[in-house]
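Enquirer: below are the sequence and a predicted model; questions follow.
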Amino acid sequence: MKEKIILVIAMAIAWSAPVRAVGEGGVAPAWQGTNFQGESVSFPKLAKGKPTIIIFWASWCSYCKAFMPYLKEIQEEYGADSIEIVAVNIREEEGGAGDPDAYIKSTGIALTAIRNGEHIAAAYRVKNVPGLMVVNGDGIVSYRRSATKLPAGQKVAELWNKQVRAALDKEFADGC
């Protein structure tokens with residue numbers, strides 16, 4: 001009986017503890033999702049041991065739109081064979097009539113686009129778009145975007161561009 005009481009108390013404490021986001025230095029959760037072609041994909045398998053940029057986005061998100069051109073430049077500079085880019089579409093119902101398929105195609109970025117990624121966002125504790133992170137080849141989050149007071153536009157996109165590049169540069173300098 002004593003063991004059951006201790007177990008119940010331990011479970012109550014665990015359930016009441018605040019849930020923290022997967023932060024820098026944390027292990028990126030594995031997940032399975034459906035890409036925009038209707039195929040099942042899984043992470044970290046799709047990363048193939050390469051550094052991976054994961055962006056949680058929505059077609060209506062002005063911050064996401066501001067950052068996408070920089071994401072394309074990052075891919076061109078580092079090479080699609082050296083990094084993976086995964087765009088996880090979330091919170092689409094909030095923005096109304098956006099077309100995620102058309103939007104992601106319009107970016108011209110060779111990436112894996114995941115449809116209806118709410119369960120993935122929940123695993124990473126992403127609540128706002130864009131959620132932006134770099135996961136190294138060992139599955140550890142080496143960068144996670146923090147909150148900013150900057151307005152959507154070029155200034156914030158430039159900040160994130162520098163931060164993502166710094167994380168990637170560190171990965172390549174460390175011999176990923």
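Expert: Happy to help now that I have it. The structure presented is a predicted model; accordingly, all values stated were derived computationally and were not measured.
Enquirer: from here on, just use CA atoms for contacts and neighbour counts.
Expert: Fine.
Enquirer: the most centrally placed residue in the chain and Glu158, how far apart?
Expert: Centrality entry for the chain: nearest residue to the mean C-alpha point is Ile54, 3.1 Å, by Cα atoms, centre = their mean. As for Ile54, its distance to Glu158 is 17 Å (criterion: Cα to Cα, to the nearest Å).
Enquirer: please, which helix or strand holds Glu158?
Expert: Assessed by DSSP states H and E, Glu158 sits inside helix 154-173.
Enquirer: give the buried residues for that helix.
Expert: 156-157, 160-161, 163-165, 167-168, 171 (16 or more other Cα atoms under 10 Å).
Enquirer: out of these, which one sits closest to Ala58?
Expert: Lowest distance from Ala58 to these (Cα to Cα) belongs to Ala157, with 15.6 Å.
Enquirer: quick check, the closest one in contact with Ser62.
Expert: No: Ala157 is not in contact with Ser62 according to Cα atoms under 8 Å; the separation is 10.4 Å.
Enquirer: in this structure, which helix or strand is least confident?
Expert: Lowest on mean pLDDT, DSSP states H and E among the helices and strands of the chain sits helix 2-16, with a mean of 42.
Enquirer: in the helix or strand just after that one, what's buried?
Expert: Counting by DSSP H and E, the element after helix 2-16 in chain order, helix or strand, is strand 31-35. Using 16+ other Cα under 10 Å as the test for burial, strand 31-35 gives 33-35.
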